[in-house]
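Q: Have a look at this prediction, sequence included:
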Amino acid sequence: MKRDTLLSMLHDMLLARAFEERAAQEYTKGNIAGFLHLYPGEEAVAVGVLHGAEPNDYIVSTYREHVHALVRGVPAEKVMAELFGRRDGCSGGMGGSMHLFDHERRFMGGYGIVGETYPVAIGIGYSIAMQELPEAVICFFGDGAVNQGTFHESLNMAALWKLPVLFVCENNRYQIGTEIHRHSAVTEVYKRACGYRIPSEKVNGMDVLAVHQATLSALQRIREGTGPQFLEVETYRFRGHSMSDPGSYRPNVEVQAFKDEDPVTVVLEESIPNYPTESQLDALGRDNIAHLTGHMRREGYLEMEDVAHMKDEIARLVDSAVNFALNSPEPDMQDAWQALNCNRGQEVVI
Amino acid sequence: MKRDTLLSMLHDMLLARAFEERAAQEYTKGNIAGFLHLYPGEEAVAVGVLHGAEPNDYIVSTYREHVHALVRGVPAEKVMAELFGRRDGCSGGMGGSMHLFDHERRFMGGYGIVGETYPVAIGIGYSIAMQELPEAVICFFGDGAVNQGTFHESLNMAALWKLPVLFVCENNRYQIGTEIHRHSAVTEVYKRACGYRIPSEKVNGMDVLAVHQATLSALQRIREGTGPQFLEVETYRFRGHSMSDPGSYRPNVEVQAFKDEDPVTVVLEESIPNYPTESQLDALGRDNIAHLTGHMRREGYLEMEDVAHMKDEIARLVDSAVNFALNSPEPDMQDAWQALNCNRGQEVVI
Amino acid sequence: MSEETPVWKALNLAMDAEMSDDDSVFTLGEDVGLYGGSYRVTQDLYARYGEWRVRDTPISEGSFTGLAVGAAMVGMRPVVEIMTVNFALLALDAIINMAAKIPFMSGGQFPMPLVVRMPGGVAKQLAAQHSQRLEHTLMNVPGLRIAVPATPQDAWWQLRQAIRSDEPIVFLEHELLYFSKGTLDTKLPPPPMHRATVRRPGNDLTIISYSHMAKLSLKAAERLSAEGMDIEVIDLRSLRPIDWDSCAASVEKTHHLLVVEEDCGFAGAGAEIVATLTERCFHFLDAPAQRLAGLDMPTPYNGTLETASIPTTASIADAARQMLLPGEIS
Amino acid sequence: MSEETPVWKALNLAMDAEMSDDDSVFTLGEDVGLYGGSYRVTQDLYARYGEWRVRDTPISEGSFTGLAVGAAMVGMRPVVEIMTVNFALLALDAIINMAAKIPFMSGGQFPMPLVVRMPGGVAKQLAAQHSQRLEHTLMNVPGLRIAVPATPQDAWWQLRQAIRSDEPIVFLEHELLYFSKGTLDTKLPPPPMHRATVRRPGNDLTIISYSHMAKLSLKAAERLSAEGMDIEVIDLRSLRPIDWDSCAASVEKTHHLLVVEEDCGFAGAGAEIVATLTERCFHFLDAPAQRLAGLDMPTPYNGTLETASIPTTASIADAARQMLLPGEIS
Ligand SMILES: Cc1ncc(C[n+]2csc(CCOP(=O)(O)OP(=O)(O)O)c2C)c(N)n1
Ligand SMILES: Cc1ncc(C[n+]2csc(CCOP(=O)(O)OP(=O)(O)O)c2C)c(N)n1
Ligand SMILES: [Mg+2]
Ligand SMILES: [Mg+2]
C-alpha cells in the first residue's frame, strides 16, 4: 500500500470522526435538527471502499451518509451547511442530514426510506450497462436493510442482467435496537447473496486495508463485465442509532469490546508497519516527507506527532466548515420552488 | 399408497381437468368474465399437496386457484357459481374466479396481486404458533411470484420465528410470457430458500405420488415444530396464462413435450402398479372391489372402464355445477353492502 | 392521418417515434418485450430496439420502478409500464418518495425524466383487486404530473410530450379505451400537455370529466341535447396540474357544474375539482356543484353490480337532468 | 383520572388495557418490543406480555402488515405499528388490496379486526421523505376506517375502540402530539368512535380540522376571540367516516367555513370536506368555503421553510380574519 494512500485514508478517517463528533455538538446546540445518524466506529468502511472507487463511479447511500459524502470529496463545509439547512449546503438546504447529493461527484444521494438504495443503484447500473461504459455503482446499506423486499428484487435483477453494481452491506449488527439475530434468519449477510448467484465475501470492517483490498478486487471483477459483487463488512457503531437514541438496548461490555477495535486506532497502528522505507521515499525525492521519516526513526513516535498535526488541521477544517455553515444564508421560498421545478425548463405545461 | 387414496386422487385430477375445460367453454359463451386462469397440466400439484393436508390446516392460494378449492372440498357448484358471479358462489359473487374463499374449509382465498399469498400465510402461521396449535398453513405461488419482495420478507420472518408454513412453488416455468431464465437469476427455485435457511426440495410435479410423498414429509416436519418448509414443484400449464393469452411465446414442441407427461395420464398409469393385491383386498372383505380387481386381472383394462365410469360421473357433476350456477340468482346491491360491512356488527360508529 | 386508429396503436406509434428519435429512451415492465405488452402498446418494439431498450422484467414493481428512477437520474428517459395500476401500490414508494422528491431534496440537482404508464380503471369484471383507482393518491403528490388521455390524438401527443419532459409523469390509460378508435393526425400540432379541452360547447351546464368517463359524458350530453339541454363537456386531459382557467370559464358561463369520475366518490379526484371550482366560482354557481362518482365500495365481480358501481351514460344523463330540472325525474 | 397525561402514555395505557383484557390482541412492528417503541407507545409491554404478543420485526413493512392481515383473518386482533407513516407506502398493498378488500371479496366471510397505527405528520425538520402525509390516500379506500385523535382522552378511547372493532382501522398519530399533555379520565364513557367534537363553540365562522391542526386552530380561535371574532372549532377525530351531521349543523349556524389541514392542499383531505359541505350547505354559506393547507411542495429540511410550508396558529388566524373581514388585513 502506497504511503500517500495510507495517509489519505488516515486523514479521511480522522476527519470523519471529528466531523461527526462536531455534528453531535452542533445538534445539541440546536444548529442541526431532525434525525441525525452518526458514523463513529464505521469509518473504515466508507474509507476503505470509497478509496477504491474511480471518479466516474457512482455512489448511492443511506441516511447515515455524511462520511460517505466527505470521503467522496464533497467539501466538509458543504456537508455541514446542509446539516444546518443552509443555502450553500450540498442539497441547498432542502435535503438535510439524510439527503446529501452532489451531482458533480456522482454522489447520488442519501435515502431515508430503508431499502431505497438498491433500486437507485441498479437503475444507474442499468444505464451504464446499456451504454457499455466502464463505470460502476457502489451501493451502501445496513444489515437491517437486507430484509426489505427491494433487496431481493434488486439483487435478482442486478444478477440477471449482470449490472455493474458493488453492494456493500455495513453490518453493524443492529437495526436501531434490534440485534441481527432477532431480525434475520441467516445472520451471515454475505450468504444471502447466494439466492441470486452473486459472488460475495465477508470482510473485517475494523480493518481499513482489508476493506480496501476487497473493494479493489470486487470492482476489478465488475469492470471485467461479470456482473454485480457483494461485500458484507462487519462493523459497529459506537453511538446510538441517531441523536435521539440512547442506545440502552446494548450491553456496555459489547460497546467497549468493539471500541477496543476502533478502526481509527487500527489504521494508526497499520500505518507504522506499512510505512515506506527510506529508499522508497528517496525515489520520490527528499523533502518534508523525508524529514518526517527521519524524525520517526530517531524518535520512534513521529507518526504520532504527524497524527497530532493532522488532527489539528482537521480540527481547523471542521471549525471552518461550521463557520461556513453559520454564515451561509437560509434558503428562501423562491429557492424551494426553484428546486421543485428544476426540471421544468421552458416547457409550456398548460 | 392406499387404493382409496389413489382413486380419490385420480378422481380429483379428472374433476380438475373437466371443471377447467368446462370453465373455458363457459367463458367463451359469456357466462364467465374477467380474467380466467386455468390449471390443466398442473393437477398433480394441487392434488398431491392437498391430499396431504388435514382438515384444520389452512390453504392460501393465487388467482389460479379453482382446482385448489375443488380439491380442498369446496363443492364444484359453489366454485362454478362464483365464476358466474352468482349469489351462491363461494364468495357470494363478489370475488369471482380470482378470489375464491371458503371459511368453513379454511380455504383462505385466492389473491390477485402476485406475492400476496406469503404474508397472509405467515400471518395465519403466526397465529397458530402463538397459540401452539397443531395446525399448518399451505401457501401456493408461482415461479414468477418468487421475485416479488414479499417472498423475501415473508420467508425471512417465517424462518426467524419458526412458523408452521409449507411454501409450495408451482413452477410452470413461465411468468405469463416470460420464461424463468429471463425472470430469475437462479432458476432452481428451491435454492432460493437457502437465504433463509428453510429446508427445501425439488419435486417432479408431473408425478402426483412424488408430490404427495414430499408434502407428507414436509408437513410432518412442520408439525414437529421445526418451522417452515419449502417445495418447488416442477410443472407446466398446457393453456395460455389466462383466457386472453394465446400463449404464442412458447414453441409448440415445448407444449407437446410436456403434454406427453400429462400428470393425469401419469396418475392413470401409476394406479396400475400400485393397485392392491388380491390378498390385501381380501383383508378388507370381498365385494364390488374384488369384482373390480377380478375383472381387471381377467381383462387387463378394468381400470380403464373404471376411469370411464368415473369420468361420466364427473361430467355429470360438472354439468350440474353449471346448472346450479345458471340457476343461482345474481346478488343485489344490498348483498354487496352487506359483504362490505360484514364486520360492522352492532358497533355504533358515529 | 388515419381515421380509425385505436388508442393502443397511437401509444405504440408514440413510443416508436420517441425511441427512434432518442437513444436514451427505453421501456421496461412485465411482458413489454417478447410478448409485446398486455395491451399491445409495446408491440414490435422488442424486435426493433432489442432487449436493453425494451426490457422484460421480473414481477418486482417496487424495484423496477425504482430502477427507472436511478436511470433517469443519470440522463436516461425510462418509460415504465406497470402492467396495471393495481400493482402500482407496490411501486408507490418509488414514485412518491423517490421520483417526486429527489429533484427537490437534491436542491434541484437531479431532473427526473421519467414516465410511468399504467393501464387501469374499471374494465370488465376484473373484481376488486384489479379495479383499483389511484387518481386521488397521485394527485396529492407535489412534484408529479398526471396525464389522462381519452382519445388516440391525445394519447399520441401526450405520451410524446411526457417522454420529452424532464419531470416525473404518471400516464394513466383506461383499459376500456385501448381498442376504441378515433382520428389520429400526427401532423396536427400538440396543445400544451395539461390543457383541458372542451369536447362539446354548451350553455346550460358544465360537465367536467376525464378518461373513459369523459367519453360517456359526451354521449350523455348528446342524448340530452335531444331533450333541449345544452351541456358543455370538458375533458381535463390532465389531473395534475388541472387547467383551472378553462374549467372556471365554463362554469362562469353555465352556472352549473357536474363532475363525473369513476374514482370512489369519497376523497376522489372529484373532491378537488368541486372544492377548487366552488371556491373560485362560488358567486357564479346557481346551485351547488355536484359529483357523480363510483360507489364507496370495492368493485364487485358480478357484472350487474359492477356496472351499478360506477357512472354510466344513463346515470350521467340523469344527474344532469336532475340538476337542470330538479324534481322532474324519478 | 390524571390531569397531566401525555398522548403517548394514554396510548400506552390503552394498549395495555386491551392486551390484558383479550389474549388475541398482539402488536408488532420495528422496535416495539425490547426498545419500547420509537414514541414509547409500547413501553413495558414486551416485559409484560412476551415476544409473541409484542413482536419486534425486521424492516419488512409490506409483509409484516400483510402478516397482520392473515392473523386477523383467523381471529387474532393485531395492532401493527408502522414506525412512521412515511414507510406505509410500502405497506399500502397490504392495507388497500388486502385488509380493506378481503371482507368484501370473500362475500362477507372474513371480518378484519386489524389496527394499523402510524405516527406521522410534519414534525421537526425531518425533511421530505419523513414528512409524508397520507390522509387523502387512505380516505379514498372503501372498507377502511381512519381515526385521528388529538387529545389523550381521544387517544385512549379511540385506540381501545379500534382494537375492539372487527373492521380494519388506520390510526394516525401526530408526532408533535405525543408529548403534549391533557386530561385523561378513564372513567368517562366514550363517544362513538367517529363522532366529531366541537372543541369551542362559536357563531361567526366554523373551522374544521383534525389532529395537530385542530389544536392550532383552537389556539387561533382563542386569539381571535380577543379581537371579537367568535369562532367555532370542530375536531373531526375521524377521517373515514366523517361526521357530516355535526359539521353541517355548525356551518348552517355560522355560514362560514374554513378547513385547516396539514396535508398538501391539492387533492388533500380538505378537498373532500369542502366539496361535501359545499354540496350540502350551499345555500347557507355567505362566502365560498376556504381551505388552509400545506403547500404543494415536498417538505423542505430548512426549519424556516418547513414552518412556512404548513399552517401555523398565525396563518390560521389570518385566514379566518380574511374571511370575516375581507380586505382588512394585509
Ligand atoms: C422502510 C423504513 N422502515 C423503517 C425506517 C426507520 N429506520 C431508520 S434506520 C432503521 C434501521 C436500519 O438499520 P440498518 O439497515 O442496519 O442500518 P444502520 O442504521 O444500522 O446503519 C430503521 C428501522 C425507515 N427509515 N425506512
Ligand atoms: C404484483 C402483480 N404484478 C403483476 C401481475 C400480473 N400478473 C398476473 S399473473 C402474472 C404471472 C405470474 O406468474 P407465476 O407466479 O409464475 O404464476 P403462474 O401464473 O405461472 O401460475 C402476472 C405478471 C399481478 N397480478 N400482480
Ligand atoms: Mg445496522
Ligand atoms: Mg409460472
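A: Cool, got the structure. Ligands and ions are numbered 1, 2, ... in the order given.
Q: quick one, what contacts A:Leu317?
A: A:15, A:76 (C-beta atoms under 8 Å, 6 or more residues apart in numbering or on different chains). From N, CA and C alone the C-beta is placed, and that goes for glycine too.
Q: what's the helix or strand for it?
A: helix A:302-327 (DSSP states H and E).
Q: before we move on, what SS does the closest residue to C:Arg200 other than its chain neighbours have?
A: Of all residues not flanking C:Arg200 in the chain, C:Val233 sits nearest, at 4.3 Å (C-beta to C-beta, 6 or more residues apart in numbering or on different chains). Following DSSP: H, G, I helix; E, B strand; the rest coil, the label given to C:Val233 is strand.
Q: neighbours around C:Val233, how many?
A: By other C-beta atoms under 10 Å in any protein chain shown, 28 other residues sit near C:Val233.
Q: in the sheet, who's paired with it?
A: C:Arg200, C:Ile207 (DSSP bridges).
Q: That one reaches C:Gly202, doesn't it?
A: Yes. Contact criterion C-beta atoms under 8 Å: C:Val233 and C:Gly202 qualify, at 7.2 Å.
Q: now the helices for the stretch 51-200 of chain C?
A: Taking DSSP state H, counting those that start in this stretch as the test, the helices found in the stretch 51-200 of chain C are C:61-73, C:92, C:102-105, C:135-139, C:152-164.
Q: cool, the stretch 251-350 of chain A as well?
A: A:252-259, A:263-270, A:278-284, A:288-299, A:302-327, A:333-340.
Q: looking at these, which one has the lowest mean pLDDT?
A: Per-stretch mean pLDDT for those is lowest at helix A:288-299 (a mean of 37).
Q: which regions of the stretch 1-150 of chain A sit below the pLDDT cut-off?
A: Along the stretch 1-150 of chain A, segments meeting pLDDT under 70 span A:1-2.
Q: Kindly recompute the last result at 50.
A: For the stretch 1-150 of chain A, no stretch is flagged by pLDDT under 50.
Q: Tell me the residues on chain A that lie near ligand 3, please.
A: With C-beta under 5 Å from the ion as the criterion, chain A comes near ligand 3 at residues A:142-144, A:172, A:174.
Q: quick one: which of the residues you listed is most hemmed in?
A: Neighbour max across the residues of chain A next to ligand 3 (other C-beta under 10 Å) = A:Gly142, 27 neighbours.
Q: Look up which residues are beta-bridged to the closest residue to that one other than its chain neighbours.
A: Of all residues not flanking A:Gly142 in the chain, A:Glu170 sits nearest, at 5.4 Å (C-beta to C-beta, 6+ apart). A:Glu170 has the following beta-bridge partners by DSSP bridges: A:Gly142, A:Val233.
Q: Would you mind confirming that A:Glu170 makes contact with A:Cys139?
A: No. With contact defined as C-beta under 8 Å, A:Glu170 does not count as touching A:Cys139 (10.9 Å).
Q: Looking only at neighbour counts, state which of those two leads.
A: Higher neighbour count among A:Glu170 and A:Cys139: A:Cys139, with 30 against 26, using other C-beta under 10 Å.
Q: Residue 224 - how many residues pack around it?
A: You didn't say which chain, so I picked chain A. So A:Glu224, with other C-beta under 10 Å, has 9 neighbours.
Q: actually chain C
A: 22.
Q: Just say helix, strand or coil for it.
A: Put simply, C:Leu224 is helix when judged by three-state DSSP.
Q: what's the pLDDT at it?
A: C:Leu224 is assigned 97 on the pLDDT scale.
Q: Would you check that it makes contact with C:Gln322?
A: No. Using C-beta under 8 Å, C:Leu224 is not in contact with C:Gln322, being 11.5 Å away.
Q: what does the stretch 151-300 of chain A have sitting close to chain D?
A: Contacts of the stretch 151-300 of chain A with chain D, taken as C-beta under 8 Å from any C-beta of the partner chain, map to A:175-178, A:182-184, A:249.
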